[in-house]
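# Using only what follows, build the 3D model:
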Amino acid sequence: MSAHHLAAAASSRVLIVGSGLTGALTAYHVRKALRDRAHIDVADMARGAGGRASTTRYEGGGGSTRANTGAQYMSVCSREARDLLEAVCASNGTTTCALDRVEAPAPRTTHFRLAENDAYTHYLPRDGTNSVVKQFLYAGAPDSVSFGARLQRVAADAEGRLRPVFDRGSGGDASYDAVVLAMPPKDILKFFDRAGPDDDRQSQAALHRRTNRGARTTTLPSGCGPVTLQGDVVGALRSASYVGRYSLALWFGDGEAAFVEALVDAWRPGASDDVLDAVVGQPGNVVVAQTTVAFWRRVSGDGPGGRKRGRGGRAARGGVRGL
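Model prediction:
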């Protein structure tokens, strides 16, 4: 169903798979456009909302210390985006999300393609970058949010309504007028019938299949058939290419603030360093180190010089998180 038909319908059931910033913004804008004429469900295989705006928490010393291991800031390059961010963070109808404007972001933490770096305004959310994702998600007032829900297939019934198939965390016989897949393009391919390889080095879903145990559900609901993507859609999804980095968060004690400051000040990005790309100090005596794209390619096996991993091999250990 097209966006026009959704807007014209008396009521619509919409499923959003993915609760990163794209999924959260989708929920927000669908609710704003359709109001109470939309039933919105959100599902994600992760344990919580955030996606690439990942925030890790360390519980200790009588409190919680946060570390942004994904996006370091929320950055916008238009007045409309800035006004929307500030308005929703001021209140989503229930909660607020405090933002601090950052005039000088840490070196090598901003990588943009829509505009030059100096066109952007940067914000550091006090409760972590994923707090902004949650703010937009719940501003969309979804009727349900399911975490740990792993989508396996998208089918269609005889009336053309979409039937998602989950292997855990969600399910039932719910059908939808629209299913929005808010995830990396190459992850989308595995949910549909199409020609070509099932595994892609840049697919996060393929990575999970290689590193996690568990059977993949392929049985379609009774009375439903597979959904086939058109060739031009498959080509567009396969043509997308992106890069990643690894991130490591280090927490230091209250008496080590001077050491943390010296550590961050001492590091300088250099062309000769093919492992570390950024070292960032964060509130609470936290240091986050992020690798170069070249290092990610070598470890993940993506691109020239990458080593191939055997079945079950992991890209990184010891608290390193792939972005």
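
# going forward, measure contacts between C-alpha atoms and count neighbours the same way
Will do.

# what about this protein, any weak spots by pLDDT?
1-10, 61-62, 169-172, 193-218, 270-272, 302-323 (pLDDT under 70).

# Grab the most central residue of it for me.
The residue lying closest to the centre of the chain (C-alpha atoms, centre = their mean) is Gly51, at 2.3 Å.

# May I have the phi/psi pair for Thr56?
When quoted as degrees, to the nearest 10, the phi and psi of Thr56 stand at phi -100, psi 140.

# Skipping adjacent residues, who's closest to it in space?
If the residues on either side of it in the chain are set aside, Thr56 comes closest to Ala67, at 5.2 Å by C-alpha to C-alpha, 6 or more residues apart in numbering.

# Roughly how far does that neighbour sit from Gly231?
42 Å (C-alpha to C-alpha, to the nearest Å).

# Just want to know which of those two has more residues nearby.
Counted by other C-alpha atoms under 10 Å, Ala67 and Gly231 do not tie: Ala67 has more neighbours, with 26 against 11.

# Go ahead and confirm that one touches Val288.
Yes: at 7.2 Å, Ala67 counts as touching Val288 under the criterion of C-alpha atoms under 8 Å.

# Quick check: neighbours shared by the two?
Ala249, Gln282 (C-alpha atoms under 8 Å, 6 or more residues apart in numbering).

# Could you say which helix or strand holds Trp296?
Using DSSP states H and E, Trp296 sits in helix 293-300.

# ranges for the helices of the stretch 201-323 of the chain?
204-211, 231-239, 257-266, 293-300 (DSSP state H, counting those that start in this stretch).

# Among these, show me which one is buried the most.
helix 293-300 (a mean of 20; mean count of other C-alpha atoms under 10 Å).

# Which strands and helices lie in contact with that one?
Helices and strands in packing contact with helix 293-300 are not found; criterion 3 or more C-alpha pairs under 8 Å, 6 or more residues apart in numbering; DSSP states H and E.

# Start the count at 586 instead of 1 going forward.
Happy to do that; since the first residue is 586 now, the last one works out to helix 878-885.

# what's in contact with stretch 863-877?
Taking C-alpha under 8 Å, 6+ apart as the rule, stretch 863-877 contacts 650-654, 691-694, 830-839, 841-842, 845-846, 849, 852, 854, 859-862.
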